[in-house]
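In: Predicted model follows, preceded by the sequence.
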Amino acid sequence: MLIDDEPAQSRLISAIASREGWRTVVAGDAETAIAMLGTREGMQLSAILLDQWVPGDDACSLIAELKKRRPALPILMLTTSASPLLAVEAMRAGASDYLVKPVSPDRLMDALRAVTMREAPRDELAPLTEKMAADLDFDAMIGAAPTFRTALAQAAKTARGHGAALIEGESGTGKEMLMRAMHAASPRAKEPLRIINIGSVPSGSIESVLFGHEPGAFPGAFDRQIGALQHCDGGTLVLDEVDRLSVPAQKRLRDMLATGIVRPIGAQHGFRVDTRILSASNMTLAQLTQGGLFDADLASALGATRIVLPPLRERSGDIPALTRHFLQRIGEQPGLTHLTVSDSALALLAAYDWPGNVRQLQSVLFRAAVYCEGDTLTAESFPQLCEMIGEFDDSPGAVLHEGVGVMLYTEDGNLRPLEEIEADVIRLAIGHYRGRMTEVARRLGIGRSTLYRKLSDLGIDNAA
């Protein structure tokens, strides 16, 4: 059941859901929704999707009433507000998930699948939308794993330029956050920034969104629309899920990058723009081009610099630091308190492979914090996660993984060169102390000038 009074949105959500076999019934107000629960159709419901605008400030009361009448029925709330307090209140009222609009079709379907799956207890790991505003600098990117620090150093160096950059990595690894940090550290930081998730825009509309259109360019084009590329002239345009760009849009974007000229749909003339494009892809564009699914020239232009963010399972040694960082930020949100985390909980978190990566870790911690009645998260704070994993090593030191150390030997069993080991130690220190160079130098027992000289000699970027 979709509780929504917007006909256009109702049709769109119903169409998206129907692709995966869902049948949607629509209630335009709270009274209709409650009444519908008692009907024959209502007894067949598997989930409720509630647009917060319908009940407004009474959204949490409606959620509580729906849960009172149908306790086992999962409820997801759609809203334009990113307020952490609203998220806390909605979840405590009984919401299973909380999605901020505009939400991509994939994210919506993932959330519906997560709350309605019967073969495994997945509710604990539902892919909740980020509840907290993202920090905009590289210091907020937590991690000491060499592959992660290398990607961060490459991004920091690239940020100072003006060329296009492509960030590749699995969903939830932090690609959008990294691109925001790159814009904030760039010479264009004070110029416009716009983020477009290609997957959340209908394929027939994406060209209009990117390039704009003139009145009468196509049926329904009553007014002139300035495209994102022109809007961001002098600034940065972020294209998330660029691998989902339609073929016509790929060709038009390829031509625009080659000429620097944006031509709105239906226009007889174009506009020269200086827009930097940062793009992200969950898939490897090189593989898509080989399969003929992505324009090779466009992939080459977008990937002038290619940065790969590793999945969380490949840097599990960063989980303790990430957990404490997220709990600190969660504790600062309205309605929540600062929590500590036990070694048993850290061992449990480290034992999971996190298919949703860092975003999923934050979501799980947020959910646990909402329902925590004490001041410490323990393994028991994650009951569904415990059930999914089963037995795990919760002995002291179990959370110390190889990802937090420095490798001393090469694959053939010989010692690595001292210079490489020293570079790894410095990278580890910079990551551990979040780029605070005075603290890094103090902990390493050297002066700041010596540290910066070593950074230069070893070829380590300051953000490494």
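Out: That came in fine, so what should we check first?
In: And the residue nearest the centre of the chain?
Out: In the chain, the centroid-proximal residue (C-alpha atoms, centre = their mean) is residue 172; its distance is 4.5 Å.
In: State the three-state secondary structure for that one.
Out: At residue 172 the chain is in coil, as set by DSSP: H, G, I helix; E, B strand; the rest coil.
In: Now for it: which residues touch it?
Out: 127, 312, 356, 357, 358, 359, 360 (C-beta atoms under 8 Å, 6 or more residues apart in numbering). In this view, the C-beta of every residue, glycine as well, is placed from N, C-alpha and C.
In: 6 Å - rerun?
Out: 356, 357, 358, 359, 360 (C-beta atoms under 6 Å, 6 or more residues apart in numbering).
In: With residue 207 instead?
Out: residue 249 are the contacts of residue 207 under C-beta under 6 Å, 6+ apart.
In: how far does stretch 350-366 stretch from start to finish?
Out: 17 Å (C-alpha to C-alpha, to the nearest Å).
In: Run the chain-centre distance for it.
Out: Stretch 350-366 sits 12 Å away from the centroid of its parent chain (C-alpha atoms, centre = their mean, to the nearest Å).
In: Buried residues of it, list them for me.
Out: Across stretch 350-366, burial judged by 16 or more other C-beta atoms under 10 Å covers 350-352, 354, 356-366.
In: average pLDDT across it?
Out: Averaged over stretch 350-366, pLDDT sits at 90.
In: and if you look at stretch 453-464?
Out: 70.
In: Ok, stretch 113-125 next?
Out: The model assigns stretch 113-125 a mean pLDDT of 57.
In: do the same with stretch 209-228
Out: 86.
In: which residues sit against that stretch?
Out: 194, 196, 201, 229, 237, 262, 264, 265, 266, 267.
In: Quick check: beta-bridge partners of the first one?
Out: Beta bridges link residue 194 to residue 237, judged by DSSP bridges.
In: Contact partners for it?
Out: Per C-beta under 6 Å, 6+ apart, neighbours of residue 194: 228, 232, 237.
In: Which strand or helix spans residue 177?
Out: Assigned by DSSP states H and E, residue 177 belongs to helix 175-184.
In: which helices and strands sit right next to that helix?
Out: Judged by 3 or more C-beta pairs under 6 Å, 6 or more residues apart in numbering; DSSP states H and E, the packing partners of helix 175-184 are helix 146-159, strand 236-240.
In: in the following helix or strand past the shortest one, what counts as buried?
Out: Secondary structure here is assigned by DSSP H and E; on that basis, the next helix or strand after strand 236-240 toward the C-terminus is helix 247-259. When neighbours are counted by 16+ other C-beta under 10 Å, the buried residues of helix 247-259 are found to be 249, 250, 252, 253, 254, 256, 257.
In: Check the gap between the fifth one and residue 156 for me.
Out: Right, the one you point to is residue 254. Per C-beta to C-beta, to the nearest Å, residue 254 is found 28 Å from residue 156.
In: burial measure for residue 112, as a count.
Out: Residues within reach of residue 112, counting by other C-beta atoms under 10 Å, total 22.
In: Okay, now the unreliable bits of this structure?
Out: For the chain, applying pLDDT under 70 flags the ranges 82-84, 117-137, 392-413, 431-432, 434, 461-464.
In: Relative to residue 420, how far out is the residue of it most remote from its centre?
Out: Computed with C-alpha atoms, centre = their mean, the residue of the chain farthest from its C-alpha average is residue 414, at 39.8 Å. In this view, residue 414 and residue 420 are 12 Å apart by C-beta to C-beta.
In: what's the answer for residue 444, then?
Out: With C-beta to C-beta as the criterion, residue 444 and residue 420 are 16 Å apart.
In: What of residue 290?
Out: Counting by C-beta to C-beta, the gap from residue 290 to residue 420 is 33 Å.
In: Out of those two, name the residue with the larger neighbour count.
Out: residue 420 (15 against 11).
In: Make sure that one is indeed in a helix.
Out: Yes - Residue 420: assigned to a helix according to three-state DSSP.
In: Specify the residue ranges that define each domain of the chain.
Out: 2-116, 146-308, 312-389, 406-457 (automatic domain parsing).
In: neighbouring contacts of the helix or strand where residue 68 lies?
Out: Using DSSP H and E, residue 68 sits within helix 59-69. Residues outside helix 59-69 that contact it (C-beta under 6 Å, 6+ apart): 30, 37, 52, 55, 75, 89, 90, 93, 94, 95.
In: Tell me the buried residues in the helix or strand harbouring residue 430?
Out: Secondary structure from DSSP H and E places residue 430 in helix 418-432. The neighbour-count check on helix 418-432 (16+ other C-beta under 10 Å) flags 422, 423, 424, 426, 427, 428, 429, 430, 431, 432 as buried.
In: Same question for stretch 449-457.
Out: 451, 454, 455.
In: Just the contacts of helix 59-69: which are in helices?
Out: Among the contacts of helix 59-69, the ones falling in helices (DSSP state H) are 30, 37, 89, 90, 93.
In: who wins for neighbours among these?
Out: residue 90 (25 neighbours).
In: Settle this for me: it is touching residue 98, isn't it.
Out: Yes - counting by C-beta atoms under 6 Å, residue 98 is a contact partner of residue 90 at 5.4 Å.
In: I'd like to know how far the spatially closest residue to residue 104 that is not a sequence neighbour sits from residue 113.
Out: Leaving out its chain neighbours, the residue that sits closest to residue 104 by C-beta to C-beta, 6 or more residues apart in numbering is residue 200, at 3.9 Å. To residue 113, residue 200 is 17 Å away according to C-beta to C-beta.
In: Looking only at neighbour counts, state which of those two leads.
Out: Between residue 200 and residue 113, residue 200 has the larger neighbour count (other C-beta under 10 Å), namely 17 against 14.
In: Do I have it right that that one meets residue 101?
Out: No - taking C-beta under 6 Å as the definition, residue 200 is not a contact partner of residue 101, at 9.2 Å.
In: residues contacting residue 18?
Out: Contacts of residue 18 by C-beta under 6 Å, 6+ apart: none found.
In: what about it, distance to residue 12?
Out: In terms of C-beta to C-beta, residue 18 sits 11 Å off from residue 12.
In: Repeat that for residue 90.
Out: For residue 90 relative to residue 12 (C-beta to C-beta), the value is 22 Å.
In: if we can go back for a sec, helices - which of the contacts of residue 172 land there?
Out: Those of the contacts of residue 172 lying in helices (DSSP H): 357, 358, 359, 360.
In: Between which two of these is the distance greatest?
Out: 358 and 360 (7.3 Å; C-beta to C-beta).
In: Quick one: the strands in the stretch 1-150 of the chain, in order.
Out: Under the criterion DSSP state E, counting those that start in this stretch, the stretch 1-150 of the chain carries strands at the ranges 2-3, 26-27, 48-51, 75-79, 97-100.
In: sorry, back to before: mutual contacts of residue 200 and residue 101, please.
Out: Common contacts of residue 200 and residue 101 (C-beta under 6 Å, 6+ apart): none found.
In: quick revisit: what is the nearest of the buried residues of stretch 350-366 to residue 206?
Out: Nearest to residue 206 among these, with distances taken as C-beta to C-beta, is residue 359, at 24.0 Å.
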